[in-house]
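> Fold the following, please.
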Amino acid sequence: MIENTSPPEASARTWRESLRLYLQPASLRMLLLGFSAGLPLLLVLGTLSFRLREAGIDRSTIGYLSWVGLAYGVKWMWAPLVDRLPIPWLTARLGRRRSWLLLSQAVIMVGLVGMALNDPSQVLGPLVACALAVAFASATQDIALDAYRIESAEVNAQAALAATYQTGYRLAMIWAGAGVLWIAARAQGAETTGYAQAAWQTAYLVMAFSLLPGMLMVLGSPEPVPAAMKPARNVAEWVQGALVDPFADFWRRYRWQAVLVLALIAVYRISDVVMGIMANPFYVDMGFTKDEVAAVTKVYGVVMTLLGAFIGGVLSARWGVMRILMLGAILSAASNMLFAWLSGVGHDVTALIWVVSADNLASGIASAAFIAYLSSLTNISYSATQYALLSSMMLLLPKFIAGFSGDFVNAYGYAYFFQVTAWLGVPVLLLVALASRVHARSE
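This next block holds a predicted model:
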């Protein structure tokens, strides 16, 4: 019998009780911390691909450079260190979770400054090195923040925490996507097309200092009560507790069904992730300006993302995570077909509004449900390591496949590429259905 760590299905809660979860201090705190977590992702992936394409970097190189994002897919390798290893001086003053959060945020800020100062049209290497530093520090921040979130509230509040975290995360992605384009366009002046290093430098410096509110929130937030840990008497015991036990615990609780759970996690976001690498080069090649992309994603993207995250969180709390997980999988795959349609329409801002709105709504719903699902699978005694393993698996395969996206577009074009990414979501539906049956039996 599998130990049930999932949230009680919301048939026991009213709509009012479900909505009240969003007003808890822990939920509101996750809004700003989620912003801090979401800021770096596009700056080393999506927005960076727009900048690189504008600087004349070819699509194949942009695709391969997306492998910088594999840092998020292997973060489980150092998650045990974040879970157990104290940082000299800092941990004694802030606690285990907040010390790692503050250190990772500081590295991200320094790395973004480095990305601002380096010109990819002249030499690519230094900028890539800084992007790698940002990616690894951002992945470390995710490890610590996921553990902080899971340890900050009871299991039945995790859907609300996931939704507010996702709202902050998505707002940061809008700021790091639309916001950075808008800033670069303003800094560039009347000449809004073509590459201007000074404009991008200004935009990335603004992004770097946008981490300050999150750092202040870390300093002002309480450290969650840590799970009891048996002190290690020697190195062997430390390795056992930090590296072996978290993974053994997961397999012990889920047995053979762990294979199904991990398979679902590995492919759930594959449609979104593989498609997303080529989205910004697509906008550039379709003739959309920085201002147009920024305006559409800033206005319609923000509204639909917030709506999607809110809907995903409330419906998950009301009707159960697995039902909304299926809904999110369907919508995420279907929204990619809209990009295929847009590739035939060409430069049409109205069409872009509809496509971006639908895509953000679908992504918000899917992400809120998926985060709540991952949270339900962890044991609080190993929250950082186990959640890092699960969330890493979510990205590892999709990010690897996405590295070849530029080659695929060069060979077959954007329309066929978007269609194929939509069909990649079909196996996900079968896995969600199978996992739902396992989930139902475990209750």
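
> What's the local residue count around the closest residue to L124 other than its chain neighbours?
Leaving out its chain neighbours, the residue that sits closest to L124 by C-beta to C-beta, 6 or more residues apart in numbering is I57, at 7.2 Å. Bear in mind the C-beta positions are built from the backbone N, C-alpha and C, glycine included. Using other C-beta atoms under 10 Å, I57 is surrounded by 20 other residues.

> change the start of the numbering to 442 and stick with it
In the new count, where the first residue is 442, that last one comes out as I498.

> pLDDT score assigned to I498?
On the pLDDT scale, I498 is placed at 87.

> separation between it and P561?
When distance is defined by C-beta to C-beta, to the nearest Å, I498 is 6 Å away from P561.

> what do you get for A496?
5 Å.

> For V873, which non-adjacent residue is spatially closest?
Among residues not flanking V873 along the chain, M767 sits closest, at 4.8 Å (C-beta to C-beta, 6+ apart).

> what about the one you found, how many neighbours?
For M767, the neighbour count with other C-beta under 10 Å is 18.

> distance between whatever helix or strand it lives in and the chain's centre?
Using DSSP states H and E, M767 falls within helix 762-786. Chain-centre distance of helix 762-786: 17 Å, with C-alpha atoms, centre = their mean, to the nearest Å.

> list the helices and strands it packs on?
Judged by 3 or more C-beta pairs under 8 Å, 6 or more residues apart in numbering; DSSP states H and E, the packing partners of helix 762-786 are helix 711-717, helix 720-726, helix 743-760, helix 790-817, helix 855-864, helix 867-883.

> what's near enough to touch the residue nearest to V873?
Neighbouring residues of M767 by C-beta atoms under 8 Å, 6 or more residues apart in numbering: L870, V873, A874, S877.

> Alpha carbons of stretch 697-707, as PDB, please.
The C-alpha trace of stretch 697-707 is given here as PDB (Å, rounded to 0.1, in the frame of the first residue of the first chain):
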ATOM      1  CA  TRP A 697       6.900  -0.300  -9.200                       C
ATOM      2  CA  GLN A 698       4.400   2.500  -9.600                       C
ATOM      3  CA  ALA A 699       7.400   4.900  -9.300                       C
ATOM      4  CA  VAL A 700       8.200   4.100 -12.900                       C
ATOM      5  CA  LEU A 701       4.800   5.400 -14.100                       C
ATOM      6  CA  VAL A 702       5.000   8.500 -11.900                       C
ATOM      7  CA  LEU A 703       8.500   9.300 -13.100                       C
ATOM      8  CA  ALA A 704       7.600   8.700 -16.800                       C
ATOM      9  CA  LEU A 705       4.700  11.200 -16.400                       C
ATOM     10  CA  ILE A 706       6.900  13.800 -14.800                       C
ATOM     11  CA  ALA A 707       9.600  13.300 -17.500                       C
END
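
> so where is this protein shaky, pLDDT-wise?
Within the chain, the stretches with pLDDT under 70 are 442-468, 594-601, 631-634, 666-676, 679-680, 682-684, 739, 821-826, 829, 879-884.

> quick check: angle from the helix holding M767 to helix 743-760?
Angle, helix 762-786 to helix 743-760, by axes from the mean of the first three to the mean of the last three C-alpha atoms, to 10 degrees: 150 degrees.

> and the angle for helix 762-786 with helix 790-817?
Using the same axes, to 10 degrees: helix 762-786 against helix 790-817 is 160 degrees.

> before we move on, the earlier item: more neighbours, A496 and P561?
Neighbour count, other C-beta under 10 Å: between A496 and P561, P561 has more, with 23 against 18.
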